[in-house]
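> kindly return the folded structure for what I paste below:
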Amino acid sequence: MLRCARALLKFSREHGHAAGALAPIQACISALESGNFSRAIEEFERMSFGGMGRFDDWFPPVVYEHEDGDYVWAVFEALVERFHRLFRTAAGKAR
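Sure thing, here's the model as predicted:
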């Protein structure tokens, strides 16, 4: 969970996602680093996914010359999906 959250945060920062949208991810990371699992889940649950204006309603721009639009979008989707699945499972909400 920690590695996944760190990767999503790094990618999102480097590609210019709004800082306010990243605060819950940073809070999840801080909570996990300090061993406070329940707080990490609470911070995750503050995030909204799957709809207009939600965290994942964003198309990351290309920022490195080795990237293209399809690549950055696919990487972001993969990171979000993994983060969401891991944290939902940990919170006991997986289906």
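> now do the helices in the chain.
Counting by DSSP state H, the chain forms helices over residues 2-14, 19-33, 37-45, 69-90, given from the N-terminal end onward.
> can you get me a residue count around residue 3?
Burial of residue 3 is recorded as 10 neighbouring residues (other C-beta atoms under 10 Å). Yep, even glycine has a C-beta here, placed from its N, CA and C like the rest.
> an error on my part: the question was meant for residue 66.
Residues near residue 66, counting by other C-beta under 10 Å, number 6.
> that one and residue 75, how far apart?
For residue 66, the distance to residue 75 under the criterion C-beta to C-beta, to the nearest Å works out to 12 Å.
> do the same with residue 93
Note on residue 93: its distance to residue 75, by C-beta to C-beta, is 25 Å.
> tell me which of the two has more neighbours.
Neighbours of residue 93 and residue 75, each counted by other C-beta under 10 Å, are more numerous for residue 75; the result is 16 against 10.
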